[in-house]
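Asks: With the sequence up front, the predicted model follows.
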Amino acid sequence: MTPQSHFMVIAPLATGREDALRALLAGMNRNAGMVDPQNALVPFGRFAQLHYARLVMLDDALQVDLETLGLPRPRLPAYLAFMGDCDGPARDCLADLAQHAGDGLRRIFAHCAGFAASGDLLDWMLAHDQPVAASYIHWVGRSVRQIRQESALQQVLAACVPRETLASEAEALRIWRELRAFVEAERSAGRLLLTPAEPTPLGWTAAKLLNLLALPLVGLAVLPLFVILLPLLVQQLRSREIHDPEICPRPNPAALQALQDLEDFDVSNQYTALGAVKPGLFRRGLVTLLLVLIQYACRHVFTRGHLARVQTIHFARWAFLDDKTRVVFTSNYDGSHQGYMDDFINKVAWGLNLVFSNGIGWPRTRWLIFGGARYEQRFKYFQRRHQIPTQVWYKAYPGLTLADMRRNQRIREGLERSYMNEAQALAWLRLL
């Protein structure tokens, strides 16, 4: 199994370079916000390990919300963020990008403060690679190569399967055997590739096991202190929940239209949001702890097709900026934006509240998990207001949803079985 990883190269923009950078990034796209995979600057489609990538400019517009708390508005730099989700170590992917798309990346990063075009590009990207606080991978170990090969297999087999009603389940078993022999012949002739999974890296397995054990042990060690402090922590939480302001105005129509213009060019969409953490050590410590717990759950529990009850997210990440005063959240998901938000409201509103209620302006919560995203209209206004246009977005397998990938994987698994009974063969054929 090849595990997945992430990179997030972030650097402040040089003064006065934003407009030039926007124009440069727009030239990479086939549609608004959706990249041409063979564009001249960074031809993402040539990098076989890359699932998703995006280039997005992060501004400080919503820092104005601090004024509602009677606090001064800090002037933060605008950033360029280059993010990706890849098979194998992120460092290897960045090295590959630097080697084969270095000239284009240098032209892009030349708009960032302190970037020297003559310097070592990989070293610069690694130095600016921001740690991810928490990340979610829909199916750990499902590689770009596997997705593409299984999609090709499904298309070949779907063209071979008879469309008339079968006379019996025995007929289904006969067709399964014929297709199995057909695929073996195609593989032997080199016309169809189904590459076996690579061995899981020992270091990755060891690190995962160590993490699995370490966090509970740390939790047990601090449990007595937590119990002692619990009444104070509960009092502090409720006091803040009662008095923290909500900031959920209707989104600006022009800004909303700009976001919608970037959506629905594929069966999947991108989402990028940025917001300020409520000031004070209490909220900063709380959101840090919650993201540690989310990362633990995503690493050890939600690894096979779902995040809690949501099954439409390919990859997602949470990351801190500016000394944990802001959080950026990104995701790649199937379906429409409206359906994506409804999925969260109906299935895991409590999960949204856990993290995002620590952001300035979130709809008011009770006891950290109640209310909040359950106030549907306020939540939808809030998230659209915090969403940022993604200037460049890449998906390695356009036209495929997570449901498609799971179906294609089941088709392959059915072919690799040595035995099926008649009922199983009929169920397998229905996948085609």
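Replies: Yep, it's here. Residues are numbered from 1 along each chain as shown.

Asks: just the helices in the stretch 51-200 of the chain please.
Replies: Secondary structure of the stretch 51-200 of the chain by DSSP state H, counting those that start in this stretch: the helices cover 90-100, 102-109, 121-127, 144-160, 169-188.

Asks: buried residues in the first one?
Replies: What it means is helix 90-100. Ala90, Cys93, Leu94, Asp96, Leu97, Ala98 (16 or more other CB atoms under 10 Å). To be clear about C-beta, it is placed using only N, CA and C from the backbone, and glycine gets the same treatment.

Asks: hang on, the earlier thing: relative to Leu289, which of the helices of the stretch 51-200 of the chain is closest?
Replies: Closest of those to Leu289 is helix 90-100, at 24.8 Å (criterion: CB to CB).

Asks: Report the rounded mean pLDDT for the closest one.
Replies: Mean per-residue pLDDT for helix 90-100: 97.

Asks: okay, it in CSV with CA atoms only?
Replies: Extracted in CSV, the C-alpha atoms of helix 90-100 (Å, rounded to 0.1, in the frame of the first residue of the first chain):
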residue,chain,number,x,y,z
ALA,A,90,5.4,14.9,0.0
ARG,A,91,9.1,15.7,-0.2
ASP,A,92,9.5,13.3,-3.2
CYS,A,93,6.6,15.0,-4.9
LEU,A,94,8.0,18.5,-4.4
ALA,A,95,11.4,17.3,-5.7
ASP,A,96,9.7,15.9,-8.8
LEU,A,97,7.9,19.2,-9.3
ALA,A,98,11.0,21.2,-8.8
GLN,A,99,12.9,19.0,-11.3
HIS,A,100,10.3,18.9,-14.1
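
Asks: Just the residues contacting it, thanks.
Replies: For helix 90-100, contacts defined as CB atoms under 8 Å, 6 or more residues apart in numbering pick out 5-7, 9, 42, 46-47, 49-50, 84, 86-87, 105, 121-122, 125-126, 129.

Asks: Which ChimeraX command selects the buried ones in these?
Replies: Those of those that count as buried under 16+ other CB under 10 Å are selected in ChimeraX with:
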select :5,6,7,9,42,47,49,50,84,86,87,105,121,122,125,126,129
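
Asks: Can you tell me which of the contacts of helix 90-100 end up in strands?
Replies: Ser5, His6, Phe7, Val9, Leu50, Gly84, Cys86, Asp87 (DSSP state E).

Asks: Isn't the third one up against Pro89?
Replies: No - counting by CB atoms under 8 Å, Phe7 sits too far from Pro89 to count as a contact (9.5 Å).

Asks: Would you mark the buried spots in stretch 134-152?
Replies: So stretch 134-152, judged by 16+ other CB under 10 Å, has buried residues 134-151.

Asks: ugh, wrong one, stretch 55-74
Replies: So for stretch 55-74, counting by 16+ other CB under 10 Å, buried means Leu55, Val56, Met57, Leu58, Asp60, Leu62, Gln63, Asp65, Leu66.

Asks: residues touching the closest residue in space to Ala101 that isn't next to it in sequence, list them.
Replies: Leaving aside its sequence neighbours, Ala101 sits nearest to Val42 (CB to CB, 6 or more residues apart in numbering; 4.6 Å). Contact analysis of Val42 by CB under 8 Å, 6+ apart lists Met28, Ala53, Leu97, Ala101, Gly104, Leu105, Ile108.

Asks: I'd like the distance from the nearest residue to the first one once chain neighbours are set aside to Asp103, if you could.
Replies: With CB to CB, 6+ apart as the measure, Asn39 is the residue that lies nearest to Met28, at 4.4 Å, once sequence neighbours are left out. Remark: distance between Asn39 and Asp103 (CB to CB, to the nearest Å) = 13 Å.

Asks: Ok, Asp65 next?
Replies: 40 Å.

Asks: Could you give the separation of stretch 314-329 from the chain centroid?
Replies: Relative to the chain's own centre, stretch 314-329 is displaced by 12 Å; criterion: CA atoms, centre = their mean, to the nearest Å.

Asks: End to end on that stretch, go ahead and measure it.
Replies: 14 Å (CA to CA, to the nearest Å).

Asks: which parts of that stretch are buried?
Replies: Buried residues in stretch 314-329 (16+ other CB under 10 Å): 314-321, 325-329.

Asks: Out of the residues you listed, which is nearest to Lys380?
Replies: Distances from Lys380 to these, taken by CB to CB, are shortest for Phe329, at 15.5 Å.

Asks: That closest one is in contact with Leu321, isn't it?
Replies: No - under the criterion of CB under 8 Å, Phe329 makes no contact with Leu321, lying 11.1 Å away.

Asks: which element follows the strand or helix carrying Ala319 toward the C-terminus?
Replies: Secondary-structure element containing Ala319, defined by DSSP states H and E: strand 313-321. The helix or strand immediately downstream of strand 313-321 is strand 326-334, counting by DSSP H and E.

Asks: could you check the angle strand 313-321 makes with that following strand?
Replies: Counting by axes from the mean of the first three to the mean of the last three CA atoms, to 10 degrees, strand 326-334 lies at 170 degrees to strand 313-321.
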